[in-house]
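# Mind folding the following:
(one chain, ligands or ions: 1)
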Amino acid sequence: MVDLNTLFKAADWQTEKHAPAIDIDKEEDPKGIKIKVMVGKEIAHPNTTAHHIAWIDCYFLPEGENFAVHVGKAEFNAHGASAQGADTSTLYTRPAVSFVLNTEKSGTVIAFSYCNIHGLWQSEQEVTVE
Ligand code: FE2
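Here you go, the predicted structure:
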C-alpha cells in the first residue's frame with residue numbers, strides 16, 4: 001500500500017510556491033471561520049496550459065476527533081488555452097478560494113493542492129474558537 005505521507009509534500013508556503021497558504025478570519029455571530037486558501041501567495045506558481053495548479057481541497061479536523069470534515073473543493077480550469085492553442089487566450093484562473101464554515105469547535109484546517117507537474121501538497125492551520 002502506498003504511504004500517503006510520501007505523496008503529499010509539505011513545506012512553508014512563504015518559501016515553497018506549491019504549498020497552500022491558509023488565512024483564517026473568525027466570525028462571532030454565528031460562530032464560524034472564513035477560510036481563504038491560495039497557492040503562490042508569496043512566490044507565484046506558473047499558471048500555463050502546461051504547468052498549473054488544478055485544484056485546492058479543504059478539510060476541517062475538530063479538536064479531539066478522529067475524522068475530518070470535507071469543507072469544499074475548487075477546481076481551476078482556465079489556463080490560457082483557446083481555440084488558437086496553448087497559452088493564447090490570456091485568461092488564467094488564479095488558484096485561490098474562500099470557504100465559510102460555521103463551527104463552535106476549535107480544530108485544524110487542512111488544505112491540499114495539486115500541481116499537474118509537481119503533484120500533491122498540503123498545509124494546515126490550527127484554529128481556536130471560543
Ligand atoms: Fe508546479
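
# Regarding the residue nearest in space to the middle of the chain, what is its secondary structure?
Nearest to the geometric centre of the chain sits residue 56, at 3.9 Å (Cα atoms, centre = their mean). Three-state call for residue 56 (DSSP: H, G, I helix; E, B strand; the rest coil): strand.

# quick one: contacts for it?
Contacts for residue 56 (Cβ atoms under 8 Å, 6 or more residues apart in numbering) come out as 20, 37, 39, 73-74, 76, 95, 97, 111-114. Every residue, glycine included, has its C-beta placed from N, CA and C.

# Can you select the buried ones among those residues for me in ChimeraX?
Buried residues among these (16 or more other Cβ atoms under 10 Å), as a ChimeraX selection:
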select :20,37,39,74,76,95,97,111,112,113,114
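
# Let me see the ranges of the helices in the protein.
All helices of the chain, identified by DSSP state H, fall at 4-7.

# what residue of it is the furthest out?
Here the chain reaches farthest from its C-alpha mean at residue 84, the gap being 30.5 Å by Cα atoms, centre = their mean.

# What's the separation between it and residue 76?
Going from residue 84 to residue 76 by Cβ to Cβ, to the nearest Å gives 21 Å.

# Could you do residue 102 as well?
Distance, residue 102 to residue 76, using Cβ to Cβ: 26 Å.

# ok, now residue 120?
15 Å.

# rewinding a little: please identify the one among the contacts of residue 56 that lies nearest to residue 8.
Nearest to residue 8 among the contacts of residue 56 is residue 112, at 6.8 Å by Cβ to Cβ.

# these two touch, right, the closest one and residue 20?
Yes: with contacts counted by Cβ atoms under 8 Å, residue 112 reaches residue 20, the gap being 7.2 Å.
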